[in-house]
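In: Predicted coordinates and the sequence they were generated for:
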Amino acid sequence: MGITKLADLIRTEAPNAISYKDISDYTGKVIALDTSIVVNQFRAATPSLSPLTGLFYRTLTFLEHDIKPVFVFDGKPPGEKRAVLEKRAEAAGWTSPKSTGTASSQTKDCHQLLKFLGVPFVQALGDAEALCACLVKEGTVDAVASEDMDTLPFGASTLIRQLNAKRESEVIEYSLPKLLEKLQINHEEFVDLCILLGCDYCEKITGLGPVRALKLIQKHRTIEDVVLHVNRKTHHVPHSWKYKEARKIFLEPQTVAPELTWTEPDEEALVEFLCQTKHAMKGDKVRHRMEKFRQTRESKREEREKERAAGHSRQTRMEDFFRVTRKRDHPVEAANSQSINKKRQKRK
């Protein structure tokens, strides 16, 4: 679900925090992706095909534009999210919510596919969007690509939505620093605002609209003070409201410092895996797409070389693209925030 009506609130109250771009504007950038979003989008659009097919095509599209993707997978969600997961499970017809944190067979297949594509992936301990935001804050990636707005309260300075190669589709970019500046609140106050709007980790005050919630935070600064001044006859405050637990999840998320490596795709391994092992695609389609990938990537690089020669700045060299950010041999499991804080203290 993300944050209820946050995108609408930003459009009306802080439109300068939004910019509209093309996928080519992210050439040379390292982008963390919430993998479940990519897989679910493809499943909804083409339910008759394997999600591996969608992940295969989408990843090659990123690589063609010299975007360095990092796919982040969900771990075990916080207990505070169980109520939301149960509602989603009921709506989807599942007998119980998927909240064990163990990798499913589909997740393992995605891991294997990304390995053959030469793209790094990270297994989070908790929600993927929390880890995506942490990767931005750590400087490991440049931005998060997700349709869920809750990467912003988790602290991602740049959120990208609609990152695909469709010609009619604009990429929407949200800037957290610009948003906070325009709303005249700090990050902690923004987290409280998002909890008032409605998040996945606790209930919300009923009858409280986004504009009213914003004004209350701007005036009173914390949920504690908002509760003291809100009209409880018209705005019911939940009994045993766990807003403090939700606040802690946003402000102290599980984090990780992964080692990332990008390599050239292994076409033969891809054909064997997708066609012979998983029977998700036909061999000629995989080979045709790989040939198109090589041609398109080379063509785009030649265009950038011409632009650079003419004085433009967009650039990505082969050795730059496949450089090691941090070495990775296996999916990286998230460490807790205390271990990262200790590392930071040592650096200081």
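Out: Cool, got the structure.

In: Identify the bridge partners of residue 20.
Out: residue 172 (DSSP bridges).

In: which ones are touching it?
Out: 170, 171, 172, 173 (Cβ atoms under 8 Å, 6 or more residues apart in numbering). To be clear about C-beta, it is placed using only N, CA and C from the backbone, and glycine gets the same treatment.

In: I'd like to know how many residues surround the last one.
Out: So that's residue 173. Residue 173 is flanked by 20 other residues according to other Cβ atoms under 10 Å.

In: separation between the closest residue to it other than its chain neighbours and residue 29?
Out: Of all residues not flanking residue 173 in the chain, residue 19 sits nearest, at 4.8 Å (Cβ to Cβ, 6 or more residues apart in numbering). Between residue 19 and residue 29 the computed distance is 14 Å (Cβ to Cβ, to the nearest Å).

In: same thing with residue 22?
Out: Distance from residue 22 to residue 29, by Cβ to Cβ: 13 Å.

In: out of the two, which sits in the busier spot?
Out: For residue 22 and residue 29, the more surrounded residue by other Cβ under 10 Å is residue 29, and the numbers stand at 18 against 13.

In: so residue 129 touches residue 145, yeah?
Out: No. At 10.7 Å, residue 129 does not count as touching residue 145 under the criterion of Cβ atoms under 8 Å.

In: more crowded one of the two?
Out: Counted by other Cβ under 10 Å, residue 129 and residue 145 do not tie: residue 129 has more neighbours, with 30 against 27.

In: For the more buried one, what are phi and psi?
Out: phi -60, psi -30 (degrees, to the nearest 10).

In: residues in contact with the nearest residue to it once chain neighbours are set aside?
Out: Among residues not flanking residue 129 along the chain, residue 151 sits closest, at 4.8 Å (Cβ to Cβ, 6+ apart). By Cβ under 8 Å, 6+ apart, the residues touching residue 151 are 34, 129, 132, 133, 144, 159.

In: Show me what the helix or strand where the fourth one lies is packed against.
Out: I take that to be residue 133. Following DSSP states H and E, the helix or strand that holds residue 133 is helix 128-137. Secondary-structure packing of helix 128-137 (3 or more Cβ pairs under 8 Å, 6 or more residues apart in numbering; DSSP states H and E): strand 30-34, strand 68-73, strand 143-145.

In: Mind listing the strands the shortest one pairs with, and their directions?
Out: So that's strand 143-145. Paired strands of strand 143-145, defined by DSSP bridges, are strand 30-34 (parallel), strand 158-161 (parallel).

In: Give me the contact list for the shortest one.
Out: In other words, strand 158-161. 26, 31, 136, 142-147, 149, 151-152, 171-176.

In: again, but for the longest one
Out: Contacts to strand 30-34, defined as Cβ under 8 Å, 6+ apart, come from residues 62, 67-72, 128-129, 131-132, 135-136, 140-148, 151, 160, 163, 260, 325.

In: how far away is residue 121 from residue 278?
Out: 17 Å.

In: okay, these two: which has more neighbours?
Out: Using other Cβ under 10 Å as the criterion, residue 121 and residue 278 rank with residue 121 on top: 24 against 15.

In: What residue, apart from its backbone neighbours, is nearest the more buried one spatially?
Out: Nearest to residue 121 is residue 71, by Cβ to Cβ, 6+ apart, at 4.3 Å.

In: got the domain boundaries for the protein?
Out: What the record gives for the chain is the domain set 1-184, 185-251, from automatic domain parsing.

In: Out of these, which gets the lowest mean score?
Out: Mean pLDDT is lowest for domain 1-184 among these, at a mean of 89.

In: in the chain, which helix has the most residues?
Out: In the chain, assigned by DSSP state H, the helix with the most residues is helix 283-309.

In: Quick one: distance of that helix to the chain centre.
Out: Here the centre of helix 283-309 is set off from its chain's centre by 26 Å, with Cα atoms, centre = their mean, to the nearest Å.

In: Please apply the same query to stretch 297-315.
Out: 29 Å.

In: residues of it that come out buried?
Out: 297, 300, 301, 304 (16 or more other Cβ atoms under 10 Å).
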